[in-house]
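[1] my questions are about this predicted structure, shown below with the sequence.
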Amino acid sequence: MFTAGRPAYPAGIEGHKVPSRTLRIALASAGAGAAAMSVALALPAGRIEQAALFVWILLAYVCCGLLAWTRRPASAFGRLMVLVGFGAALSNLAWSPHPLLFTAGLALDLLVVVLFLHVFLAFPTGRLSAPATALVGVAYAVSIGLQLTAMALGAFGPGNLLRVVDAPRAADVVHTVQLVLLSALLLAGVVLLAVRRRADNLPLRRSVRWLVDAFTLGLVSLAVLLVMGVLSAPGFAVVQAVTLGVLGLAPVAFLVGLLDARLARASLGELMVALRSETGDLSPALARALRDPTAHLLYWLPQYRSWVDHEGAPATLPESVTLIRRGGEPVAAIAHHPAVAAERDLLEAVVAAVEMVIDNGRLRAELRAGLAEVRGSRARVVEAGRRERRRLERDLHDGAQQRLVGLSLRLSLLEAQLGDDPAARRALAEARDEVATSLSELRDLARGLYPGVLTAHGLAVAVESIRAPVPLRLDVGLDGRLPEAIEVAAYYVVCESLTNVGRHAGASSAGVCLRRAGDRLVVEVDDDGTGGADTSRGSGLRGLADRVEALGGTLRVWSPAGGGTRVRAELPCG
Amino acid sequence: MRVAIAEDSVLLREGVASLLTGAGFEVVARCGDASALLRAVAALRPDVAVVDIRMPPTHTDEGLRAAVQIRADHPRTGVLVLSQHVEPALAMRLFAGSAAGAGYLLKDRIGDVAEFVDALRRVAAGGTAVDPVIVSALVSRPRPDDPLAALTPREREVLELMATGHSNQGIADRLYLTVRAVEKYVSSIFGKLGLPATGGESRRVLAVLLFLRPESDRNRR
């Protein structure tokens, strides 16, 4: 399996390995160590409640990050989460009485704000879109650069080792600008999240929606917190507690998402059962299993070099698709919503399930495609025949018939100039009769080739002058024209059926009924003859059936012994 | 008598023109398509127009449509349509309610100068011309409880001539009968077929044609 179209994972799945056990233990231990450090720094500073919140953030992000890293090693998202956890702990260094640690903690105090922005915008691939990259880049510069500037100007009191000059007012201004800028950048991040959420309008991905909601809430809280810092508003500590609590919820929502995917995998058994018992389209079962109503299955038919749907109709491969290959060659594809690509476990499991049952569906699609091909070629043969006959009829009409009329006219003109020689007059009259007979025969021949009158005047006119062998009831309920190929087929049905009436039926009367029923033209010819027509032997009827079926119609014949014969053709004329 | 000719084949057009000139007609317009004909008729008001049913640009039914329009716009100009198709339905489409000053002949007929000229004079004079082949196709059509079976052979001949648009005098000349004898045959035919006696010859043509068409079988039941 590989994923075509927009890659769901950054370059090469193979390039990213699951973190080794040692690495995981080391990171987990580092996390525990950092937590212990925070608590140790907080105790003498009397900041134990704040420390608890930071420890909550640290542990939530490091643990969830490790889990995500293990389960989706291709995505940088897990690694980013781990980083956020440690970043949060770094700012706690500012609680240290040691000047060096204090200075480092201050310098990195606002880094964690940008780390949150970065990880939220990088969900789920770990990569940032172009606008997000710009946004996050500016945010990093503001959080570190302006912080260092403010410290150089002597902010944060005497413990600040980076103080160059003592300009507390300037430092205040820089710090205020920094907080306001960061707050604005966070809100811009909220906008980016909203835009992306609108683009991924997939109703069923509940867990993802929750997660994005948690991100949004976290960023808004952070922005509010920063502005409160600027205004030195009362209740800062409360808002800070709420914000850190909310930010800690994001990994929890992420865990719920993983759990959701696991539940989806649990329903794969159900999918297997559905796929095995499904004899028609596998797509609905697939859509249920992936919880993506747009999901459907396409088959690759190498002999047609074409993708087809389960009906065998040609289809184009959508942008977001997962191919199922066999021996390097694609055999099928699951088309799905781009967001489904993020749930690789689920997708892999579905692919495995589909692979087991794909052959039946593929054979069915192949059969249907083949059938459509045969139908198409039969229709083309019939249509080519029709066009050829029409061409011949026109050639006769515009050529031989016209020339004979001209000849007959010249003979008439000649006659006018002729003297009173009776022998010459007789010869001329004979010649003229000869021409008249030829014209009459040619007219019958042309009409037999193709009902030329139909092209100009339609089925109703053409049917009226069909010569019937017995009294005929004509019931033509048609107004307006139908496609010529359909009219011609209907005309032949009437002609051939009436010819059969004359030959076999022993009928005393016949009826022709032409009418529209919805998007079908119904042609019925019945007689009161002896019935019992052998529908299998008569090549005329077989030929009629071929012609009608080639146009996507049906032809039925009822001919009970002693009960007359009824031929009924239905032709599509939408 | 002033005549306009519409025929896309130059050879036939000129042939018909010289034939009609020879027969004493004044050919006032020679047109290659339907729109030229319509313009000529509007400008020159000829007594009659000879129109080929198939003309450019589509070579389907331009001539017939032009003929129908001339009949509507210029009722004093007769229209004789020439066709290669033995189609009663097309003749009926041309007549559409009145057969006065209208004719539908097979194109072959121009080889028979006397018949052709006679038909053209009838149409020009407000009468009717229907090709005999069309009439005989209608008459010989099998029909249930054939009412034509009640006619004598002579009555059938009279019926066919009547349907082609001949006057009583014309029928009398062709069958070597007196006009009075023809009148008796005609009233006998109308009685046997249950047709109401009508006024002019053109109305009688239409009545007979309508009787002979397949639709009449259904109406009679």
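    Arrived safely, thanks for sending. Residues are numbered from 1 along each chain as shown, chains lettered A, B, ... in the order given.

[2] contact partners for residue A:136?
    Residue A:136 is in contact with A:114, A:117, A:118, A:121, A:128, counting by C-beta atoms under 8 Å, 6 or more residues apart in numbering or on different chains. All C-beta atoms are positioned from the backbone trio N, CA, C, and that covers glycine.

[3] which ones are touching the spatially closest residue to residue B:83 that is not a sequence neighbour?
    The shortest distance from residue B:83 to any non-neighbouring residue, by C-beta to C-beta, 6 or more residues apart in numbering or on different chains, is to residue B:53 (4.3 Å). By C-beta under 8 Å, 6+ apart, residue B:53 lies in contact with B:61, B:62, B:63, B:64, B:81, B:82, B:83, B:84, B:85, B:90.

[4] what residues of the helix or strand encompassing residue A:35 count as buried?
    Assigned by DSSP states H and E, residue A:35 belongs to helix A:21-45. Across helix A:21-45, burial judged by 16 or more other C-beta atoms under 10 Å in any protein chain shown covers A:27, A:31, A:34, A:35, A:37, A:38, A:39, A:41, A:42.

[5] give me the neighbour count for the residue in chain B that chain A sits nearest to.
    Going by C-beta to the nearest C-beta, chain A is nearest to residue B:111 of chain B, at 2.9 Å. Residue B:111 is flanked by 25 other residues according to other C-beta atoms under 10 Å in any protein chain shown.

[6] ok, now residue B:51?
    Using other C-beta under 10 Å, residue B:51 has 28 neighbouring residues.

[7] nearest to residue A:333 among the buried residues of helix A:21-45?
    Distance to residue A:333, by C-beta to C-beta, is smallest for residue A:27 among the buried residues of helix A:21-45, at 38.5 Å.

[8] ok, that closest one - contacts?
    Residue A:27 neighbours (C-beta under 8 Å, 6+ apart): A:19, A:62, A:66, A:82.

[9] would the second one count as being in a helix?
    Going back to what we said before, that points to residue A:62. Yes - Residue A:62: assigned to a helix according to DSSP: H, G, I helix; E, B strand; the rest coil.

[10] now it: how far from residue A:28?
    Distance from residue A:62 to residue A:28, counting by C-beta to C-beta, to the nearest Å: 7 Å.

[11] which neighbours do the two share?
    Here residue A:62 and residue A:28 have no joint contacts, going by C-beta under 8 Å, 6+ apart.

[12] using pLDDT, spot the least trustworthy of the contacts of residue A:27.
    In terms of pLDDT, the lowest of these is residue A:19, showing 80.

[13] just confirm that residue is within a helix.
    No - counting by three-state DSSP, one finds residue A:19 to be coil, located in no helix.

[14] surely it is in contact with residue A:73?
    Yes - applying C-beta atoms under 8 Å, one finds residue A:19 in contact with residue A:73, separated by 7.3 Å.

[15] tell me the buried residues in stretch A:378-395?
    Buried residues in stretch A:378-395, counted by 16+ other C-beta under 10 Å: A:379, A:382, A:386, A:389, A:390, A:393, A:394.

[16] does stretch A:419-431 come close to chain B?
    No - against chain B, stretch A:419-431 shows no contacts by C-beta under 8 Å from any C-beta of the partner chain, the least distance being 10.0 Å.

[17] mean confidence score for that stretch?
    Stretch A:419-431 shows a mean pLDDT of 88.

[18] helix or strand: which one has residue 159?
    Reading this off chain A. Assignment of secondary structure by DSSP H and E places residue A:159 within no helix or strand.

[19] oops, I was thinking of chain B
    Going by DSSP H and E, residue B:159 is part of helix B:153-164.

[20] for the following helix or strand past that helix, packing partners?
    Next helix or strand after helix B:153-164 toward the C-terminus (DSSP H and E): helix B:168-175. Under the contact criterion of 3 or more C-beta pairs under 8 Å, 6 or more residues apart in numbering or on different chains; DSSP states H and E, helix B:168-175 touches helix B:153-164, helix B:179-193.

[21] give the contact list for residue A:251.
    If you count contacts by C-beta under 8 Å, 6+ apart, residue A:251 has them with A:60, A:61, A:63, A:64, A:65, A:81.

[22] if we go to 6 Å?
    By C-beta atoms under 6 Å, 6 or more residues apart in numbering or on different chains, residue A:251 lies in contact with A:60, A:61, A:64.

[23] out of those residues, which end up buried?
    Among the contacts of residue A:251, those classed as buried by 16+ other C-beta under 10 Å are A:60, A:61, A:64.

[24] tell me the secondary structure for residue B:142?
    In three-state terms, and counting by three-state DSSP, residue B:142 is coil.

[25] tally up the residues packed near it, please.
    Neighbour count of residue B:142, defined by other C-beta under 10 Å: 16.

[26] any idea how far residue A:403 is from the one residue in the stretch 251-400 of chain A that gets nearest to chain B?
    The nearest approach of the stretch 251-400 of chain A to chain B comes at residue A:397, 6.0 Å away (C-beta to the nearest C-beta). Separation of residue A:397 from residue A:403 (C-beta to C-beta) stands at 11 Å.

[27] repeat for residue B:55
    To residue A:403, residue B:55 is 18 Å away according to C-beta to C-beta.

[28] before we move on, what about residue A:97?
    Noted for residue A:97: a distance of 120 Å to residue A:403, by C-beta to C-beta.

[29] and those two? Which one has more around it.
    residue A:403 (14 against 10).

[30] for chain B, just list every one of the helices.
    Counting by DSSP state H, chain B has helices at residues B:10-22, B:34-44, B:62-73, B:88-95, B:113-124, B:132-139, B:153-164, B:168-175, B:179-193, B:201-212, B:214-220.

[31] would you reformat those helices as a markdown table and include mean pLDDT and mean neighbour count?
    Listed next are the helices of chain B as a markdown table, based on pLDDT from 0 to 100; neighbours: other C-beta atoms under 10 Å in any protein chain shown:
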| stretch | mean pLDDT | mean neighbour count |
| --- | --- | --- |
| helix B:10-22 | 92 | 18 |
| helix B:34-44 | 95 | 18 |
| helix B:62-73 | 93 | 20 |
| helix B:88-95 | 88 | 22 |
| helix B:113-124 | 93 | 21 |
| helix B:132-139 | 90 | 19 |
| helix B:153-164 | 93 | 20 |
| helix B:168-175 | 94 | 17 |
| helix B:179-193 | 92 | 16 |
| helix B:201-212 | 85 | 21 |
| helix B:214-220 | 63 | 16 |
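
[32] reformat the ones you listed as JSON lines; add distance to residue A:177.
    Shown next, in JSON lines, are the helices of chain B (distance: least, C-beta to C-beta, whole Å):
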{"stretch": "helix B:10-22", "distance to residue A:177": "94"}
{"stretch": "helix B:34-44", "distance to residue A:177": "83"}
{"stretch": "helix B:62-73", "distance to residue A:177": "84"}
{"stretch": "helix B:88-95", "distance to residue A:177": "90"}
{"stretch": "helix B:113-124", "distance to residue A:177": "102"}
{"stretch": "helix B:132-139", "distance to residue A:177": "101"}
{"stretch": "helix B:153-164", "distance to residue A:177": "107"}
{"stretch": "helix B:168-175", "distance to residue A:177": "114"}
{"stretch": "helix B:179-193", "distance to residue A:177": "110"}
{"stretch": "helix B:201-212", "distance to residue A:177": "100"}
{"stretch": "helix B:214-220", "distance to residue A:177": "96"}
